[in-house]
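Peer 1: Okay, here's the prediction I keep looking at, along with the sequence it came from:
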Amino acid sequence: MFKKLFLYSLIANFFFIKKIFAAESGGMPQLDPEFWISQIFWLVLTFGVLYIVLSKLILPKISANLELRKSQIQENIEAAEKQRESSEAKLKEFDGIVLKSKIEAKNIFKDAREKVIKNINSKKEILDKQIDDEIKKAEAEIETLRQSAPEKINKIAVVTSNEILKKLIGAEINNSSISAIVNDLVKKNGDKYYGH
Amino acid sequence: MTQFEVYRIGPEIKVGAFDISFTNASLFMVISSLAILIIFNLGSKKNSILPNKIQLLAELSYSFVSKMISDTAGSKAKPYFSFIFSLFMFVLFCNMFGMIPYTFTVTSHIIVTFILAAFIFIGVTVIGFIKHGFGYLKLFVPSGVPIVLLPLIVVIEIISYLSRPISLSVRLFANMMAGHTMMKVFGGFVVSLGIVGGWLPLSFSVALTGLEILVAFLQAYVFAILTCIYLNDALNLHH
């Protein structure tokens, strides 16, 4: 009896539990086809609208924006490249000018130096010539002076001797005889007197 | 499981025998689409060389999807860019809106993901046959396979090709559903363990939220990139 009751209760329990589970979960709602058609309809509608609006209106605009930015950046890069090139060329030109002017300056310096040296040389030559002339002139003068010196000295000697004799003896002696004596003496000892 | 339940909002609309009433699922489809349209409309409105935040967002998404397509499907896939872009954004936004508490996750319903996947499957097959004619069937005959193995390989290839829509849809659906169910379970633990022991599942729940946001992005990405790969098969046909 108890055994039978227990079995019944077990079976009842089993059904009850099954019922509870069915009420709680009810299976997956995803597999319930009640709203499948509705979901398909709305999916097609919303996705279709989304696709059409995106592909016809929005995506071309974004694509155009991106293209524009890309091309603008490219342009800017190209412009910058061009300017860099031109500045490089200008730098080169500038370097060339500096080099050229350096060479020019060197040349000018060289020319000036040569000119100055030439000038100095020519002036020196002229001066040398002048000095030579002066020296020659002076030498000639000295020579003439030296040539005329013995005669004068002779004369002085004759006059002086005459005076001395006059004072000593009191007699006047002919100048010509004295000059003959002086001449004789000069001839004899001239070398000693004039240092020839 | 109540979070996955679909219920009518407003009156019942019937076209013939079909019930196309506006439901909470429809509501979130509309919200996602509108959000995408609003964000990208704002992002494409002004064209400044230095983009503002929303324009940057739109342009980054554009280049992200564009790069994804050109990497996987090559330049021939360019005409399908807007479709894949819409698909990626739609799935992403539906997943992300599902992460907000008390919302409905559109992509956690197998019917939605299956319709998307089936449309992709049919579209890709049609494109393949248009581009290559019956040569598209060469997709099932890989080159460099021994002749003995060929019948087996062809059968396997055909099965794998036919199971594409199922794998594609189930992957997204199962990921979304599993994630949300897991969060629900941990949330239930928080409630049942109360203020004493509820902190551990709560912290798990917080961590799971982060993970789920990652999964929401990743699954949208996977969905889009698999579409690109299928498209690549149809367009380039080098197996």
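Peer 2: Arrived safely.

Peer 1: What number of residues are in the vicinity of whatever residue of chain A ends up closest to chain B?
Peer 2: Taking CB to the nearest CB, chain B has its nearest neighbour within chain A at residue A:55, 3.3 Å off. From N, CA and C alone the C-beta is placed, and that goes for glycine too. For residue A:55, the neighbour count with other CB atoms under 10 Å in any protein chain shown is 16.

Peer 1: so what's it up against?
Peer 2: Under the criterion of CB atoms under 8 Å, 6 or more residues apart in numbering or on different chains, the neighbours of residue A:55 are B:82, B:83, B:86.

Peer 1: Chain A: which of those residues is nearest?
Peer 2: residue B:82 (3.3 Å).

Peer 1: so how many other residues sit close to the closest one?
Peer 2: Residue B:82 has 19 nearby residues by other CB under 10 Å.

Peer 1: One more: residue A:70?
Peer 2: If we define neighbours as other CB under 10 Å, then residue A:70 has 10 of them.

Peer 1: pLDDT (mean, whole number) over the top helix by length along chain A?
Peer 2: The helix that spans the most residues within chain A, counting by DSSP state H, is helix A:59-169. Across helix A:59-169, pLDDT averages out at 91.

Peer 1: which stretches of chain B have low pLDDT?
Peer 2: For chain B, applying pLDDT under 70 flags the ranges B:239.

Peer 1: quick check, distance from the lengthiest helix in chain B to the centre of its chain.
Peer 2: Within chain B, and with DSSP H defining each element, the longest helix by residue count is helix B:199-236. In terms of CA atoms, centre = their mean, to the nearest Å, the centre of helix B:199-236 is found 9 Å from the chain centre.

Peer 1: quick one: that helix near chain A?
Peer 2: No: figure legend: helix B:199-236 not in contact with chain A (CB under 8 Å from any CB of the partner chain); closest approach 13.0 Å.

Peer 1: Give me the buried positions along the host helix or strand of residue B:43.
Peer 2: Take DSSP states H and E as the rule and residue B:43 turns out to sit in helix B:24-45. Neighbour-count burial for helix B:24-45, counted by 16 or more other CB atoms under 10 Å in any protein chain shown, picks out B:24-33, B:36-37, B:39-44.

Peer 1: Show me which residues of chain A are close to chain B?
Peer 2: With CB under 8 Å from any CB as the criterion, chain A meets chain B at residues A:25-26, A:28-32, A:34-44, A:46-47, A:49-51, A:53-55, A:57-59, A:61-66, A:68-69, A:72.

Peer 1: how about the strands in chain B?
Peer 2: B:14-15, B:18-19 (DSSP state E).

Peer 1: Which one of those lies nearest to chain A?
Peer 2: Closest approach to chain A among those is made by strand B:18-19 (4.6 Å; CB to the nearest CB).

Peer 1: The closest one near chain A anywhere?
Peer 2: Yes: using CB under 8 Å from any CB, strand B:18-19 reaches chain A at B:18, B:19.

Peer 1: Can you tell me the closest non-neighbouring residue to residue B:189?
Peer 2: The shortest distance from residue B:189 to any non-neighbouring residue, by CB to CB, 6 or more residues apart in numbering or on different chains, is to residue B:201 (3.8 Å).

Peer 1: Give me the distance between that neighbour and chain A.
Peer 2: Applying CB to the nearest CB, to the nearest Å, the value for residue B:201 to chain A is 20 Å.

Peer 1: can you check residue B:72 too?
Peer 2: Distance from residue B:72 to chain A, by CB to the nearest CB: 19 Å.

Peer 1: my read: that residue touches residue B:229, true?
Peer 2: Yes: counting by CB atoms under 8 Å, residue B:229 is a contact partner of residue B:72 at 5.6 Å.

Peer 1: Between those two, which is the more surrounded one?
Peer 2: residue B:72 (18 against 14).

Peer 1: list the contacts for the more buried one?
Peer 2: Residue B:72 neighbours (CB under 8 Å, 6+ apart): B:225, B:228, B:229, B:232.
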